[in-house]
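**Student:** dropping the sequence and predicted coords here.
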Number of protein chains: 2
Amino acid sequence: MTAAERRAQILDAARAVFGRRGYHGSTTDQVAKAAGISQPYVVRMFGTKEQLFIEVLHDTLTTLLGAFRAAHAQSVARGDDADRRAQAIGVAYLELSETRGFHTMLLQGFVSGAEPAIGAAARAGFLDIYRFLVHEAGFDDPQVSSFLGGGMLFSVLLGIEMPTLFDADTDAAALMQATFGDKCPFIVEAERARRASA
Amino acid sequence: MTAAERRAQILDAARAVFGRRGYHGSTTDQVAKAAGISQPYVVRMFGTKEQLFIEVLHDTLTTLLGAFRAAHAQSVARGDDADRRAQAIGVAYLELSETRGFHTMLLQGFVSGAEPAIGAAARAGFLDIYRFLVHEAGFDDPQVSSFLGGGMLFSVLLGIEMPTLFDADTDAAALMQATFGDKCPFIVEAERARRASA
DNA sequence: CGAGGTAGTTATCGAATGATTACCGGCAAG
DNA sequence: CTTGCCGGTAATCATTCGATAACTACCTCG
C-alpha cells in the first residue's frame, strides 16, 4: 500500500479512536491497532501523537467546511430563501455523523485547549466555521449562536452516549427527539450498531 | 485541618485541574499540588482518580441544580412570566463561571463518556438537568434545546480559550459577544485574570 | 502517662506508553 | 545481479503516573 493511502487510513482510524477517548485518553497503539499496522509506524508517519491529533482535527474541520460549502451552494442553486439555506447547512451537519467519530472528534478537539498547539488549531478551526456562517452563508448573530449551540449539544449527546438510554428512559428519548429531530431514529440506530461492533 | 475541610478543598482544586485538562490529561499530583498536599493523600482520600473525578462531577452538577432551583424559585416569587423565568435560570448559569473551572469541568465530564463509570454519571447528570428544565421549570422542547445548546456553546468557548482572542480577532469578539451577551466583558476579564495567575 | 485515632508524609513499585533504533523483505533501476 | 529505497516490524528504552506501604507528628481521652 502506498504511503498516501496508509496515511488516509490512519487518519480515519485515529478519528474514531480520538473521538471516543480524547487526546490524552487515546494511545498511539490503539490507533495503530484500529488501522491494522504497528505502533511505531504511526509515530514515524506523523512525528508525534500531538501532530497526528492536530492533523486529524484539521482534516475533520476541512471536511466539515467542505460539506457546509457544498450544502450552501446547492441550496443557493435551488433558489432557497435564507431559512431554507440555514436548514440545508444544518442537515449537512447531521449527515456527517455517518462518518465514524466525526462529531465527537470535533468536540474532543474543542476541549483540549489546554494543550497549546491543539488549542490554537481548535480556536482557528472554530473561527473558520463562524466566519463561513456569517460571511459566506449570511447568518445573523442569533442564527449563528443557535446553530453553533445546536451543533455542540448534538455532539455532546453523542459523546455522552445518550443514545444508549433511548429505550430505557423516556426523558432521554424526549431530549434526543428534541435535539435530533427526524434524524433521531437514524442516529439511535447508528449508535446501536457502533456499540454492537465494539 | 479536618478531613471534611480537606475534602472540600481537594474537590475545589480538582475541579480547576480536571476542568482544564480533562480526566486523562490531569494527574493526581497536579490536583495534590493545587490543593497544597501530597499526591498519595489525594488518592487515599478518594480511593482512585476515577472516583475523585466522579465526585467532582457530581458535586458540580449538584451545585448547578441548586443554583437553577434557587434562581427559578426567586423568579417565581417575583411573579415573573415564563420568559423571565427562563432568563433568570440562564443568568444563574452564566454566573456560575465565577467558580473556577465550573463550566469546563461539566464539559470534561460530558466528553469522558468512554469511561463507563464516568459516562453513566454524566448521562444521569445531564438528564437531571433536562428533567429540572422540563418538569420543574416548565420549558418546552424548543426552549430546552436552545437553553442546553447555548450552555454547551458557552462551555466550549471557555474550554477552547476563545477569550484569549477577544482583542486580536474581531470575528472572535463578535462570536463571544453573540454568545455571552452583556456578560461578555466580565468573562473576558475573568479569563485574563486566570491566565495571568497561571 | 500512654494508647489510639487523625491528618498527613516520604519512598517506592509496577504497569503503561510515546518514542527510538535497528532491522527486514520486496522491487525497480542501473 | 546488486544497490538502494520504500513500506513496514520487532525489540526496547526512558518516563510518567496511579497506587501502595511504611512511617511520623499531633491531639485527646481515660
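**Tutor:** Received, thanks.
**Student:** contacts, neighbours, all on C-alpha from now
**Tutor:** OK.
**Student:** which helix in chain A has the most residues?
**Tutor:** As assigned by DSSP state H, the longest helix anywhere in chain A is helix A:49-77.
**Student:** show me what that helix is packed up against.
**Tutor:** When contacts are defined as 3 or more C-alpha pairs under 8 Å, 6 or more residues apart in numbering or on different chains; DSSP states H and E, helix A:49-77 sits against helix A:3-25, helix A:82-95, helix A:102-110, helix A:116-131.
**Student:** among those, which comes closest to DNA strand C?
**Tutor:** Each of these has some distance to DNA strand C by C-alpha to the nearest atom of the strand; the shortest is helix A:3-25, at 6.6 Å.
**Student:** using the three-state scheme, assign the closest residue to residue A:149 other than its chain neighbours.
**Tutor:** Spatial nearest neighbour of residue A:149, chain neighbours left out: residue B:149 (4.0 Å); criterion: C-alpha to C-alpha, 6 or more residues apart in numbering or on different chains. Secondary structure assignment for residue B:149 (DSSP: H, G, I helix; E, B strand; the rest coil): helix.
**Student:** OK, contacts around residue B:149?
**Tutor:** Residue B:149 makes contacts with A:146, A:148-153, as judged by C-alpha atoms under 8 Å, 6 or more residues apart in numbering or on different chains.
**Student:** would you mind listing what in chain A touches chain B?
**Tutor:** With the criterion set to C-alpha under 8 Å from any C-alpha of the partner chain, chain A comes near chain B through A:20-22, A:24-25, A:107-108, A:110-114, A:119, A:122-123, A:127, A:130-131, A:141-142, A:145-146, A:148-153, A:156, A:159-162, A:171-172, A:175, A:178-179.
**Student:** show me what counts as buried in the helix or strand of chain A with the lowest mean pLDDT.
**Tutor:** Every helix and strand of chain A was ranked by mean pLDDT, DSSP states H and E. The lowest is helix A:184-197, at a mean of 91. In terms of neighbour count (16 or more other C-alpha atoms under 10 Å in any protein chain shown), helix A:184-197 has its buried residues at A:184, A:187-188, A:190-191.
**Student:** name the residues that touch it?
**Tutor:** The contact list for helix A:184-197, computed with C-alpha under 8 Å, 6+ apart, reads A:97-98, A:163-164, A:166, A:176-177, A:180.
**Student:** adding mean pLDDT, write the helices and strands packed on helix A:49-77 out as CSV.
**Tutor:** As requested, the helices and strands packed on helix A:49-77 are exported to CSV (pLDDT from 0 to 100):
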stretch, mean pLDDT
helix A:3-25, 97
helix A:82-95, 95
helix A:102-110, 97
helix A:116-131, 98
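**Student:** quick one, which of the ones you listed gets closest to DNA strand D.
**Tutor:** Closest approach to DNA strand D among the helices and strands packed on helix A:49-77 (C-alpha to the nearest atom of the strand): helix A:3-25, 4.0 Å.
**Student:** tell me the angle of the least confident helix or strand of chain A relative to helix A:82-95?
**Tutor:** 10 degrees (axes from the mean of the first three to the mean of the last three C-alpha atoms, to 10 degrees).
**Student:** keeping just the C-alphas, turn helix A:184-197 into PDB.
**Tutor:** Coordinates of the C-alpha atoms in helix A:184-197 are reproduced here as PDB (Å, rounded to 0.1, in the frame of the first residue of the first chain):
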ATOM      1  CA  CYS A 184     -33.400  10.700  15.700                       C
ATOM      2  CA  PRO A 185     -34.200   7.100  14.800                       C
ATOM      3  CA  PHE A 186     -31.300   7.000  12.300                       C
ATOM      4  CA  ILE A 187     -28.800   8.200  14.900                       C
ATOM      5  CA  VAL A 188     -30.000   5.900  17.600                       C
ATOM      6  CA  GLU A 189     -29.700   3.000  15.200                       C
ATOM      7  CA  ALA A 190     -26.200   4.100  14.100                       C
ATOM      8  CA  GLU A 191     -25.000   4.200  17.700                       C
ATOM      9  CA  ARG A 192     -26.500   0.800  18.400                       C
ATOM     10  CA  ALA A 193     -24.600  -0.600  15.500                       C
ATOM     11  CA  ARG A 194     -21.400   1.100  16.700                       C
ATOM     12  CA  ARG A 195     -21.700  -0.500  20.200                       C
ATOM     13  CA  ALA A 196     -22.600  -3.900  18.800                       C
ATOM     14  CA  SER A 197     -19.400  -3.800  16.700                       C
END
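**Student:** drop anything exposed from the residues of chain A next to chain B.
**Tutor:** Buried among those (16+ other C-alpha under 10 Å): A:20-22, A:24-25, A:107-108, A:110-114, A:119, A:122-123, A:127, A:130-131, A:141, A:145-146, A:148-153, A:156, A:159-162, A:171-172, A:175, A:178-179.
**Student:** which residue does chain A have closest to chain B?
**Tutor:** Proximity of chain A to chain B (C-alpha to the nearest C-alpha) peaks at residue A:149, 4.0 Å away.
**Student:** in contact with the residue located most distally from the centre of chain A, which residues?
**Tutor:** For chain A, the residue at maximal distance from the C-alpha centroid (C-alpha atoms, centre = their mean) is residue A:79, at 28.4 Å. Residues near residue A:79 by C-alpha under 8 Å, 6+ apart: none.
**Student:** which one is the residue nearest the centre of chain A nearest to, not counting chain neighbours?
**Tutor:** Of all residues in chain A, the one closest to the mean position by C-alpha atoms, centre = their mean is residue A:103, 2.4 Å from it. Nearest non-adjacent residue to residue A:103, counting by C-alpha to C-alpha, 6+ apart: residue A:155, 5.4 Å away.
**Student:** hmm, residue A:102 and the one you found touching each other?
**Tutor:** No: here residue A:155 does not reach residue A:102: they are 9.0 Å apart, not a contact under C-alpha atoms under 8 Å.
**Student:** quick check: residue A:88 touching residue A:71?
**Tutor:** Yes: counting by C-alpha under 8 Å, residue A:71 is a contact partner of residue A:88 at 6.0 Å.
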